[in-house]
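> Just the structure for this:
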Amino acid sequence: MFQPLYRRTLALAASPYAGWWLFAVAFAEASFFPIPVDLMLIPMVLATRDRAFILAAICTIGSVMGAMLGWIIGAMLLQHVAMPIVHFYHAEHSLAALQDKFRQYGVTIILLKGLTPIPFKIVTIAAGASHFAILPFLAASLVTRGARFFLVATLLWFYGEPIRDFIERRLTLIMAGFLFLVIAGILAVTFL
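All right, here's what the predicted structure looks like:
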């Protein structure tokens, strides 16, 4: 089931528009899109390891710009735009808890949550809804998202062929594990 998607993503990596697609998914993932950008980043880096750090930079920039949109959604469009997104994840209680935590811990929340499988859009919307200062928010988003994407790119750059072989032989198991992490992240947001 996942093989055709994996093959299409590898083919997309060779496309002249690959960077734009990756940027668009990273942007959307940080503000409203439910699919993690890692599903695109990993096969693209495996297909073109010499561009690993360029792809990580594209993801980072797209994610930070998407985080800014998520912040705006939370700050200015909470009831009309953000709440349907939050409701989709059944995270109303988590949004309120994150708003309180932003007031108390601020940047630490962004730095920690940006590295986890918890959907980053929940963090960006909560930061905006709590009217957390935009410049520290963007700086922390740059650090945490950059660390995540550059860590993935570095690991794949160093260990690309063995990892690619492992992924291609066990794609269904890996995708199921990744899906489990995403669902666990959503459940953590919902029940924390």
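
> Quick one, grab the pLDDT at residue 146.
At residue 146 the predicted local distance difference test score is 94.

> oh sorry, the question was meant for residue 171
58.

> Show me what the biggest helix by length in the chain is packed against.
Taking DSSP state H as the criterion, the chain has its longest helix at helix 134-169. Under the contact definition 3 or more C-beta pairs under 8 Å, 6 or more residues apart in numbering; DSSP states H and E, helix 134-169 sits against helix 38-47, helix 52-76, helix 107-113, helix 120-129. For the C-beta atoms, the positions are set from N, CA and C on the backbone; glycine is no exception.

> mind checking how far the first one is from the chain centre?
Meaning helix 38-47. Averaging C-alpha coordinates over helix 38-47 and over its chain gives two centres that are 13 Å apart (C-alpha atoms, centre = their mean, to the nearest Å).

> Could you name the helices and strands sitting against it?
Using 3+ C-beta pairs under 8 Å, 6+ apart, the elements in contact with helix 38-47 are helix 2-13, helix 18-29, helix 52-76, helix 134-169.

> Name the stretch among the ones you listed that sits most buried.
Burial of the helices and strands packed on helix 38-47 is given as mean neighbour count (mean count of other C-beta atoms under 10 Å); helix 52-76 ranks first at a mean of 22.

> next structured bit after that one?
Moving toward the C-terminus from helix 52-76, the first helix or strand encountered (DSSP states H and E) is helix 83-88.

> average pLDDT for the helix or strand that comes right after that following helix?
Past helix 83-88, further along toward the C-terminus, the next helix or strand under DSSP H and E is helix 92-105. Averaging pLDDT along helix 92-105 gives 79.

> List the buried residues for helix 92-105?
Neighbour counts using 16 or more other C-beta atoms under 10 Å place 94, 95, 98, 99, 101, 102 of helix 92-105 among the buried residues.

> Hmm, the fifth one is touching residue 109, no?
This points to residue 101. Yes - Residue 101 is in contact with residue 109 according to C-beta atoms under 8 Å; the separation is 5.4 Å.

> so where's this structure shaky on pLDDT?
Within the chain, the set of residues satisfying pLDDT under 70 comprises 1-3, 5-7, 9-10, 13, 117, 164, 167-176, 178-179, 181-183, 185-192.

> Give me the distance between residue 156 and residue 90.
Here the criterion is C-beta to C-beta, to the nearest Å. By it, residue 156 lies 33 Å from residue 90.

> what's the spacing between residue 125 and residue 163?
33 Å.

> give the contact list for the nearest residue to residue 62 once chain neighbours are set aside.
With C-beta to C-beta, 6 or more residues apart in numbering as the measure, residue 26 is the residue that lies nearest to residue 62, at 3.1 Å, once sequence neighbours are left out. The contact partners of residue 26, by C-beta atoms under 8 Å, 6 or more residues apart in numbering, come to 37, 41, 58, 59, 60, 61, 62, 63, 66.
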